[in-house]
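S.K.: Can you look at this prediction? I've put the sequence above it.
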Amino acid sequence: MDSDVMYPKLFTPIKINGVEIRNRVVFLPHATVYVDQNYAPTEREMYYYEERAKGGAGLIVVPSRIVHLTGVFPGLGIGYNRENLPKFKRIVDAVHSHGAKIFIQLSHMGNQTKSVETFHPTWAPSAIPDMTVGEMPKEMTFEEINQLVESFAACAEMLMGAGFDGVEIKVAHDGILGQFVSLLKNKRTDKYGGSIENRGRIIVEILGAIRERIGQVPLGVRFGINRYMPGDYGVDDAVEYAKLFTTVADYISTDTGTWESIDMLVPSMNIPQGFLLKDVARIKQATGKIVIGNGRIVWPATAENALENGYLDMVGMARAQIADPYWAKKAEAGKPDEIRGCIGCNQKCMGRLLQNLPISCVQNPTSGNEKKYGEDVLYQKTPNPKKIVVVGGGPAGMKAAEIYARRGNHVVLFEKDGELGGRVRWESRIPGRRGVSGVSRYLIYMLGILDNVDVRLNAEADAETVVKENPDIVIIATGSTPISANPNYYSTIDALNGTVKGDSILVVDNDSTTEGSGVAELFVKANKTVHWVTPGFFNGQNVTAPILLDNFKRLAGKENLVLHPMKVMIDFKDGEATLLNIYLNTTEKVTGIDAVVVAGIKEANNSLYDSLREKVSELYIIGDAAAPRDIASALEDAVGLTELIKEA
């Protein structure tokens, strides 16, 4: 290894049962919902995994291929259909062509699917439902357990025929094997229940059966080392399980949480980075086997330190490499500041997954769209460089400037304030949203190292200013302004700036997102009495579950917070608010209100666009200036411009 490499341990090769992997960076398995309606692999998956292989990952693990028809789940692929082998092989070959290795993970959803999907009663170790699903499963017989063991082994043998380098079984946050080791889901009194050895018996049997079929190739276990549920097992029991599993398995890949503790399965921006590493180290110390460790690892320095301390052998990251497929290459090149860091918002990865929609990423809208917008396409050098003026230095404007500068154009970026960031600056001040600042961190850094970007701060551009630049293309990204829609009410900005007076505050949360929940939390922390009103069926309805749980844990038990779901305010006079339940057509009076704060309403700043429409030859409007939405949409708009602007 070159002594000048910034992260030498991270880029030292490693062998797992004879298979050499070029570095210690693992793209962890995670559901993508990219399979087709027949649960088969797709071209979209191929491009997705190939991009991470191009980006330098050492090992890629394809997630949760279901081994038996009783365990299928929408959006997850199946592993038992031989007709799919050529499609798997295309994925494998694409990954191998860039020097990475690729394993396949096997699973069965157990009590976390529904019979409407399987056309059979769902299987489980005991007749206990998952609380997030609610359907009563069938307790498995010995015969069915034997079928399950055989299904895992048969699938492993068949899929190795597609060229995979190894096999992993899932004993983690979802799936039937995680249910067998759970103290809450397995209440059996036979040889598959009770003691750690008994609850883990089926895993050892499956590992043994797979080993007999595939021989000495890498075989591992993705294992949840803490369920984070009262009454279920924690790290102490996980250590004993791991010792049991590694009597056969070559490695353990750590995992945490369950669907019922989803805030610890995909920890938010408010959970410390590397939070799990000390627990991962216990698994490593107890087993002596190769451990792929995880736990909200975002930056190479955290990964390198974990390797130096001996906590783990390989570094597992899913969201970090969703956000930046080239994480590994940038780290290896000693350019960590160029990494587009995961901000832990969970909005387009888990947020979309929980709706059974194909996942993507706020920070990286190209994720899942690599064929159209992959790195080689998005930043392809133009043969005809142009002068492009971008007005507005918020997320949309910064992203547009970055894209077209990296393509080789000369970009002038006007920003009326003294610093870049736009809505990121105020949104990251909302309680629980500080991590959003990571969007600006990356883009500001990139604009700073690109010598063909002229950033002009404290420069409010009007139509005359823009025209004088004689641009070929003009992009308006002037954002939006949070408003109250009534001069007697306050806005989110007023709340953040501390100008709201009074001790009893009514928060009108129009869109049930993190903005409204954050404004409510701001006043709760200030010991104000807070009435949180929203038209949603419940407060925070449009906040993805891991973030909402994180928020609610901070607000739980606060006697100064009163929730008013399913309601809108229809009148406010002399401190009395009238609330209408829009579903039941009933009203409620809330008295003693000192101030009303309105969240979730923004006004587009689009006047410059209107004034330029007849004055420049090529004009575009993106982000909140086009239609007030969110940061994700602003970045998507900037990427989507590349389909409209063909010659730059």
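M.R.: Great, that's in hand.
S.K.: what's the neighbour count on residue 419?
M.R.: 12 (other Cβ atoms under 10 Å). (Each C-beta comes from the backbone N, C-alpha and C, glycine too.)
S.K.: In space, what's closest to it - neighbours in sequence excluded?
M.R.: Leaving out its chain neighbours, the residue that sits closest to residue 419 by Cβ to Cβ, 6 or more residues apart in numbering is residue 457, at 6.7 Å.
S.K.: ranges for the strands of the stretch 201-350 of the chain?
M.R.: Under the criterion DSSP state E, counting those that start in this stretch, the stretch 201-350 of the chain contains strands at 219-224, 251-255, 290-293, 314-317.
S.K.: Same check on the stretch 1-150 of the chain?
M.R.: Using DSSP E, counting those that start in this stretch, strands in the stretch 1-150 of the chain cover 14-16, 19-21, 25-27, 59-66, 101-107, 123-124, 138-139.
S.K.: about what we covered before: how about TSV for the strands of the stretch 201-350 of the chain, with mean neighbour count, distance to residue 42 and mean pLDDT added?
M.R.: As requested, the strands of the stretch 201-350 of the chain are exported to TSV (neighbours: other Cβ atoms under 10 Å; distance: least, Cβ to Cβ, whole Å; pLDDT from 0 to 100):
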stretch	mean neighbour count	distance to residue 42	mean pLDDT
strand 219-224	27	23	98
strand 251-255	27	25	98
strand 290-293	25	26	98
strand 314-317	26	23	98
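S.K.: and the strands of the stretch 1-150 of the chain, which is most packed in?
M.R.: Ranked by mean neighbour count, the strands of the stretch 1-150 of the chain are led by strand 25-27 with a mean of 29 (mean count of other Cβ atoms under 10 Å).
S.K.: could I get the strands of the stretch 201-350 of the chain as TSV with distance to residue 58?
M.R.: Listed next are these as TSV, based on distance: least, Cβ to Cβ, whole Å:
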stretch	distance to residue 58
strand 219-224	14
strand 251-255	13
strand 290-293	11
strand 314-317	8
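S.K.: ok, now how distant is residue 615 from residue 559?
M.R.: For residue 615, the distance to residue 559 equals 58 Å [Cβ to Cβ, to the nearest Å].
S.K.: make that residue 69, sorry
M.R.: Separation of residue 69 from residue 559 (Cβ to Cβ): 51 Å.
S.K.: Who has more neighbours out of the two?
M.R.: Taking neighbours as other Cβ under 10 Å, residue 69 and residue 559 compare with residue 69 leading, 15 against 7.
S.K.: Relative to residue 621, how far out is that one?
M.R.: Relative to residue 621, residue 69 is positioned 50 Å away (Cβ to Cβ).
S.K.: now residue 577
M.R.: Taken as Cβ to Cβ, the span from residue 577 to residue 621 is 37 Å.
S.K.: how about the closest residue to residue 429 other than its chain neighbours, what does it touch?
M.R.: Distance criterion Cβ to Cβ, 6+ apart; nearest residue to residue 429, sequence neighbours excluded, is residue 496 at 5.1 Å. Each residue near residue 496 by Cβ atoms under 8 Å, 6 or more residues apart in numbering is listed here: 426, 429-430, 522.
S.K.: Swap in 10 Å and give it another go.
M.R.: Counting by Cβ atoms under 10 Å, 6 or more residues apart in numbering, residue 496 makes contact with 425-427, 429-431, 482, 518-519, 522.
S.K.: next one: residue 170
M.R.: With Cβ under 10 Å, 6+ apart, residue 170 has these contacts: 29, 61, 63-65, 105-109, 176-178, 221-224, 253, 255.
S.K.: what's the answer for residue 337, then?
M.R.: With contact taken as Cβ under 10 Å, 6+ apart, residue 337 is in contact with 299, 330, 441-442, 445-446, 448-449.
S.K.: Quick check: residue 423 touching residue 634?
M.R.: Yes. With contact defined as Cβ atoms under 10 Å, residue 423 and residue 634 form a contacting pair (7.7 Å).
S.K.: Just want to know which of the two has more residues nearby.
M.R.: Neighbours per residue (other Cβ under 10 Å) separate residue 423 from residue 634, with residue 634 holding more: 32 against 24.
S.K.: element containing the more buried one, please.
M.R.: For residue 634, the host element (DSSP states H and E) is helix 631-644.
S.K.: Name the residues of that helix that are buried.
M.R.: For helix 631-644, the neighbour count (16 or more other Cβ atoms under 10 Å) marks 631-642 as buried.
S.K.: Any chance of those residues in CSV with pLDDT and distance to residue 594 as columns?
M.R.: Listed next are the buried residues of helix 631-644 as CSV, based on pLDDT from 0 to 100; distance: Cβ to Cβ, whole Å:
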residue, pLDDT, distance to residue 594
631, 97, 32
632, 98, 35
633, 98, 34
634, 98, 34
635, 98, 38
636, 98, 39
637, 98, 39
638, 98, 41
639, 98, 44
640, 98, 44
641, 97, 45
642, 96, 49
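S.K.: Between those, which sits nearest residue 392?
M.R.: Among those, residue 634 lies closest to residue 392 (Cβ to Cβ), at 9.8 Å.
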